[in-house]
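Chemist: Here's a sequence, model it:
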Amino acid sequence: MMQEDMADVSHESMMEYYHIANKMLNSEDEGYTFYNKYGLEKGFSVRRSYVEWDGSNCHIILRKFVCSREGFREEKHMKRKMEDRKRRPRSITRVGCKAKLVIARQEETTQWFVKDFIDEHNHPLAPRDLSCLLRSHRRISDEQKADIADMEKSGIRKYHIMDIMCMQYGGYDEVGCIMRDIYNFCHANKQETISSGDAQTVINHMVARQEQDSDFFFRYLVDEAGHLKGLFWCDSQSRLDYEAFGDVIVFDSTYRTNKYNLPFVPFVGLNHHCSTIIFACGVISHETSQAYEWMLRTFSDAMGQKHPISVITDGDLAMQRAIRVVWPDSNHRLCIWHIQQNIVRHLHDDAR
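Modeler: From the prediction side, this is the model:
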C-alpha cells in the first residue's frame, strides 16, 4: 500500500513538473505572478534575481526567479564585530537554496517560455496557513489601507491597529500582512512634510517667544530639502519644574491634535502637589527610533544634560530603543494601562 502511495506522489510530482516546464507566458510579470502563486501553495517566498537585456537595452529577454532563501549573506556582513554593529544582527535567512524558475522571451512571438526549473529546496517549507505571511505573499488591500489610515488618523497606535485587524479578520494568517508592513505603509502614507509657509510661521513664533523669555528653548530639524521634520520647545517655567521634579517623566506620542496628523510628544511629570506638569513638548514627522533619539537628545540639551531616573512609556519599540541609546542609565518602565491591555490580549489569544 505504501509503495502505491509513493508511486502516486511521484507521478503527481512528475505531472506538476511537466506542466510547469512547458508553461507559456505572456510577460515577465505574468511569470513572477505564476511562480509566486506556486510558492504560496508550496510554502516558500519568491524574489526576482538575474536578468538579461537585449542588445538595445530596451527589452528583458531572460529573467530568473528564485526562492527567497537562495544564496548566502555577504561575507563582509558576517565578519563585522558585534561592537561595530549599530543594530542587532538579523537572523540568517539565506541558506543557498537552489530552487528557481528561469523564463526567456521568444523574439518571434514575444511570448515567454520556461528555460529552467528546479523545485528542490534545502530547507523546511512553511505550512499553507503560514506561507501567506512570507514576504512575497504579504499584501495590504486597498480596503485595509483605508482602514489603517483612518485608525492612525484617530490616534490609534500601529501595534493596536494590528490587534484590531486580527480580530476583524479572524487571526494573523487572515490579515495578509505583518506589523512591519503596517509601519511601512503608515510611513509612506503619512504626509512627508509640513508646507514651508506654515513651518516658517511656527519658527517665527518660537523666535518671538525667545525674545520675550530669554530661557525659552526651542530647536527644529529639517531634511535635505529644507522641510521641517521635528520641533521641540520648552519655556523657563518648564525647565525650572524639571530641575525640581524631573526624576520621573512620562512621554507618549498618542495624541495628534494638529491638522497634519503628526505625532505630538509631551514630556509630563508630577510636582509636590501630585499635579501634572509639562516639562517640554515636541512634534516629529515619523515614529522612528532615530526621530525619538533626536527628541531625547534635544530634551537633554535643554535640561542641562540632567537625565531622569525613571521613564514611563507605552509599548512602542522605537521609544524603547531610543531610551536605551540616549538614556542608558535611566530605568525604563511600561505604563500599567498598556501592561493590562497586553495581558487581556494574550488571554484572548489563548482562549481562541
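Chemist: SS state for residue 231?
Modeler: Per DSSP: H, G, I helix; E, B strand; the rest coil, the local secondary structure of residue 231 is strand.
Chemist: OK, contacts around it?
Modeler: 202, 218, 219, 220, 221, 282, 283 (Cβ atoms under 8 Å, 6 or more residues apart in numbering). In short, each C-beta sits where N, CA and C put it, glycine included.
Chemist: From the residues you listed, pick the one nearest residue 299.
Modeler: Nearest to residue 299 among those is residue 282, at 7.8 Å by Cβ to Cβ.
Chemist: tell me the secondary structure for that closest one?
Modeler: Assigned by three-state DSSP, the conformation of residue 282 is strand.
Chemist: what's it in contact with, if anything?
Modeler: 230, 231, 232, 233, 264, 265, 266, 267, 295, 298, 299.
Chemist: how about the helices of the chain, start to end?
Modeler: Secondary structure of the chain (DSSP state H): helices located at 2-21, 28-42, 75-78, 128-131, 142-153, 158-169, 172-175, 179-189, 196-212, 236-245, 289-302, 317-326, 336-351.
Chemist: Looking at those helices, which one is packed in the most?
Modeler: helix 289-302 (a mean of 20; mean count of other Cβ atoms under 10 Å).
Chemist: Can you tell me what sits against that helix?
Modeler: With Cβ under 8 Å, 6+ apart as the contact definition, helix 289-302 has outside contacts at 217, 219, 221, 229-230, 232, 234, 239, 265, 267, 279-280, 282, 284-285, 306-307, 317-319, 321-323, 325-327.
Chemist: switch to 6 Å and redo it
Modeler: Counting by Cβ atoms under 6 Å, 6 or more residues apart in numbering, helix 289-302 makes contact with 217, 219, 221, 230, 232, 234, 280, 282, 284, 318-319, 321-322, 325-326, all of which sit outside it.
Chemist: Check pLDDT for these and point me to the minimum.
Modeler: Across these, no position has a lower pLDDT than residue 318, which has 82.
Chemist: So in terms of bridging, what pairs with the closest residue to residue 268 other than its chain neighbours?
Modeler: In this structure, residue 268 finds its nearest non-sequential neighbour in residue 250, 4.7 Å apart by Cβ to Cβ, 6 or more residues apart in numbering. Bridge pairing for residue 250 (DSSP bridges) gives the partners residue 268, residue 312.
Chemist: Surely residue 250 and residue 270 touch.
Modeler: No. The criterion here is Cβ atoms under 6 Å, and residue 250 misses it with residue 270 at 8.9 Å.
Chemist: neighbour-wise, which of these two wins?
Modeler: Counted by other Cβ atoms under 10 Å, residue 250 and residue 270 do not tie: residue 250 has more neighbours, with 19 against 14.
Chemist: Of the contacts of helix 289-302, just say which sits nearest to residue 22.
Modeler: Closest approach between the contacts of helix 289-302 and residue 22, by Cβ to Cβ: residue 318, at 50.1 Å.
Chemist: So the nearest residue to that closest one once chain neighbours are set aside versus residue 42, what's the distance?
Modeler: Computed as Cβ to Cβ, 6+ apart, the closest residue to residue 318 that is not its neighbour in sequence is residue 289, at 4.4 Å. As judged by Cβ to Cβ, to the nearest Å, residue 289 and residue 42 stand 36 Å apart.
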